[in-house]
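Chemist: The following block contains a protein sequence and its predicted model.
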Amino acid sequence: MPLTTDIQIKPFRPQDLVQVLQLMNLALGVAVNSQPRSEAYWRWKHLHNPFGKSIMLLAWRDDELVGFRALLRWRLKSQGKTINAVRAVDTVTHPDYQGQGIFSRLTLAALEECKRQDVCLVWNTPNQNSRAAYLKLGWRSQGKINMVIKPLHPLGMLVGIWGHCFGQVRSDSPAPSHTLQPNDVRDLHRPTSDGLQSEIGERYYQWRYCEVPHLQYFFYRDGDWAFIYRMNTRLGMRECVLSEILSTQPRDDTAGCSAALRGLTRTLSADYLVLAKQVQERCLAAGVWIGLGKMELIANWLIDAEPTTSSFSFSTGDLEVF
């Protein structure tokens with residue numbers, strides 16, 4: 001197909017939702033109601049976000065939707081300063097129109113809209129397929145976030161992988177007893193950090209962990225320390241994703257956190273834990289942790305000066321489902 005020049009960029013309207021979901025699922029090759037591209041998930045992510053509705057633009061050729069770009073609202077804080085930000089998340093181009101600059105046009109138009117709305121920063125963690133395109137548009141690497149795992153039952157990990165290789169379905173692990181409730185975190189917060197971190201509160205926790213479709217989060221508390229986590233099966237292994245580490249006090253109590261983590265692991269039937277090392281190193285004093293891989297964070301500062309590359313501090317939960 002020749003290069004398309006008659007593309008129009010327009011803002012998202014509620015009546016466009018069905019076509020957006022159809023386009024996204026067409027490009028991804030998944031069913032319309034499957035997670036994570038279901039309508040419920042999309043509304044939760046882009047319309048019910050406590051930071052505000054996403055900035056969303058569509059590319060049309062006549063009456064045909066050929067591209068979609070969404071920037072998820074976010075807020076960061078550091079040393080008492082609040083920064084309005086967005087995360088570059090969903091982007092899709094119709095398979096018949098790929099390679100014709102639609103991604104770049106949508107992204108540049110979205111950045112102009114960000115500037116009009118006093119958004120200071122755009123950030124995301126791209127895969128290798130999209131990284132080069134973002135760097136070409138002005139994003140800069142802010143360093144890498146280490147993902148690490150802590151084996152709890154090495155034999156269970158081997159059994160799970162062995163069964164997965166031979167097509168055996170492992171029985172689900174028993175669900176933890178306490179599903180997260182909004183009031184569980186009322187007196188808790190993330191321990192203080194020197195870097196930029198998400199500006200969050202009780203409403204954020206309710207939206208992020210209690211209202212998200214298709215996923216169920218659990219809660220464990222031991223004294224001053226608490227954890228928000230979810231259970232998963234990966235390659236036949238029972239995985240516990242440690243999304244949040246919370247405390248009643250803004251202090252660095254490695255011993256207390258490690259003791260609470262040991263208490264949590266005794267209640268689980270998981271084969272291993274996984275978390276982002278960057279901001280949750282308080283837990284790493286408890287046992288052996290193994291590097292799983294690195295996630296690169298890139299950013300585009302639209303307003304104000306760019307900070308140092310070590311200035312971002314995100315929890316696993318900030319990164320895992322977006």
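Modeler: Looks like it came in fine.
Chemist: Could you use CA atoms for every contact and neighbour count after this?
Modeler: Fine.
Chemist: same for the strand ranked longest in the chain, what does it pack against?
Modeler: What stands out as the longest strand in the chain, according to DSSP state E, is strand 64-78. Under the contact definition 3 or more CA pairs under 8 Å, 6 or more residues apart in numbering; DSSP states H and E, strand 64-78 sits against helix 17-28, strand 55-61, strand 81-93, helix 102-116, strand 197-198.
Chemist: Check which residues of it are buried.
Modeler: Using 16 or more other CA atoms under 10 Å as the test for burial, strand 64-78 gives 65-78.
Chemist: so where is the chain shaky, pLDDT-wise?
Modeler: Low-confidence segments of the chain (pLDDT under 70): 1-5, 29-37, 172-173, 250-252, 278-283, 285-286, 304-310.
Chemist: can you give me the helices in it?
Modeler: Secondary structure of the chain (DSSP state H): helices located at 17-28, 39-46, 102-116, 128-136, 154-165, 202-205, 254-267, 316-319.
Chemist: Of those helices, which is nearest Glu239?
Modeler: Among the helices of the chain, helix 154-165 comes nearest to Glu239, with 9.4 Å by CA to CA.
Chemist: How about that closest one, which residues are buried there?
Modeler: Buried residues in helix 154-165, defined by neighbour count with 16+ other CA under 10 Å: Gly156, Met157, Gly160, Ile161, Gly163, His164.
Chemist: What segments of the stretch 151-300 of the chain are strands?
Modeler: With DSSP state E, counting those that start in this stretch applied, the stretch 151-300 of the chain shows strands at 197-198, 218-222, 225-234, 237-247, 272-276, 290-301, listed in chain order.
Chemist: got the ones you listed as JSON lines, with mean neighbour count and distance to Ala109 columns?
Modeler: Rendered in JSON lines, the data for the strands of the stretch 151-300 of the chain read as follows (neighbours: other CA atoms under 10 Å; distance: least, CA to CA, whole Å):
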{"stretch": "strand 197-198", "mean neighbour count": "22", "distance to Ala109": "25"}
{"stretch": "strand 218-222", "mean neighbour count": "19", "distance to Ala109": "40"}
{"stretch": "strand 225-234", "mean neighbour count": "20", "distance to Ala109": "37"}
{"stretch": "strand 237-247", "mean neighbour count": "23", "distance to Ala109": "33"}
{"stretch": "strand 272-276", "mean neighbour count": "24", "distance to Ala109": "32"}
{"stretch": "strand 290-301", "mean neighbour count": "16", "distance to Ala109": "14"}
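Chemist: still on that earlier bit, next, format the helices of the chain as CSV and append distance to Gln181.
Modeler: Output for the helices of the chain, formatted as CSV (distance: least, CA to CA, whole Å):
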stretch, distance to Gln181
helix 17-28, 30
helix 39-46, 18
helix 102-116, 34
helix 128-136, 37
helix 154-165, 30
helix 202-205, 9
helix 254-267, 17
helix 316-319, 16
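Chemist: Select, out of the ones you listed, the one closest to Ala59.
Modeler: Checking the helices of the chain against Ala59 by CA to CA gives helix 102-116 as the closest, at 7.1 Å.
Chemist: what's the angle between that closest one and strand 55-61?
Modeler: If you take axes from the mean of the first three to the mean of the last three CA atoms, to 10 degrees, helix 102-116 sits at 140 degrees to strand 55-61.
Chemist: same for helix 102-116, what does it pack against?
Modeler: Helix 102-116 makes packing contacts with strand 55-61, strand 64-78, strand 81-93 when contacts are defined by 3+ CA pairs under 8 Å, 6+ apart.
Chemist: wait, what's in contact with Asp224?
Modeler: Ser247, Thr248, Gln249, Gly256 (CA atoms under 8 Å, 6 or more residues apart in numbering).
Chemist: How about stretch 182-196, which residues are buried there?
Modeler: Under the neighbour-count criterion of 16+ other CA under 10 Å, stretch 182-196 has Asp184, Val185, Leu188, His189, Arg190, Pro191, Thr192, Ser193, Gly195, Leu196 buried.
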